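J.: heads up, no residue letters with this:
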DNA sequence: TGAATGACTCGAT
DNA sequence: GATCGAGCCATTC
């Protein structure tokens, strides 16, 4: 056991992502005050595998809306299936209408 | 303590 | 417009 680290903060933000929406690593990093630490967010996701409650890492994608981390879900299709189940269109591992379903932690109170 | 890693991002060519 | 390279920051060995 250790004190809350950068990862714990990342988990909190990722869990705030509403279903049917997606966010980017940079957005989370920026919200945490480390916009340049976008890689740390990805690292946190790597540790989030055994974290509870589960972290909807499938709602976190890169700046291009590409499922860059789908290969780390165990099944490369798991991420796409989860996103599609929430109503998100994914084609060729890329999210469609990404700018439309993009969710920003700082705008969690903003309307669609 | 120092060096290496990483599911990213931006800038330049 | 697409592709390549460097930067950046926190955690781990």
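T.: Sure, I can see it. Keep in mind that this is a model prediction, so the values were computed, not measured. Residues are numbered from 1 along each chain as shown, chains lettered A, B, ... in the order given.
J.: any idea which residue sits dead centre in chain A?
T.: Centre of chain A computed as the mean C-alpha position; nearest residue by Cα atoms, centre = their mean is residue A:60, 1.7 Å away.
J.: That residue pairs with what?
T.: Applying DSSP bridges to residue A:60 gives these bridge partners: residue A:23.
J.: For it, give its distance to residue A:89.
T.: Here residue A:60 is placed at a distance of 17 Å from residue A:89 (Cβ to Cβ, to the nearest Å). No exception for glycine: its C-beta is placed from N, CA and C like everyone else's.
J.: How about the residues of chain A by DNA strand C?
T.: Applying the criterion Cβ under 7 Å from any atom of the strand, the portion of chain A that neighbours DNA strand C consists of A:5-7, A:34, A:36-40, A:43, A:47.
J.: Let's have those in CSV, adding secondary structure and neighbour count.
T.: Below are the residues of chain A next to DNA strand C laid out as CSV (DSSP: H, G, I helix; E, B strand; the rest coil; neighbours: other Cβ atoms under 10 Å):
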residue, secondary structure, neighbour count
A:5, coil, 11
A:6, helix, 15
A:7, helix, 18
A:34, coil, 17
A:36, helix, 9
A:37, helix, 19
A:38, helix, 18
A:39, helix, 12
A:40, helix, 19
A:43, helix, 15
A:47, helix, 14
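J.: farthest-separated two in those residues?
T.: A:36 and A:47 (19.7 Å; Cβ to Cβ).
J.: So which residues of chain A form helices?
T.: When secondary structure is read from DSSP state H, chain A shows helices at A:6-16, A:25-31, A:38-47, A:78-85, A:98-101.
J.: Could you give the backbone dihedrals for the closest residue to residue A:27 other than its chain neighbours?
T.: With Cβ to Cβ, 6 or more residues apart in numbering as the criterion, residue A:27 has its nearest non-adjacent residue at 5.4 Å, and that residue is residue A:104. When read as degrees, to the nearest 10, the backbone of residue A:104 gives phi -110, psi 130.
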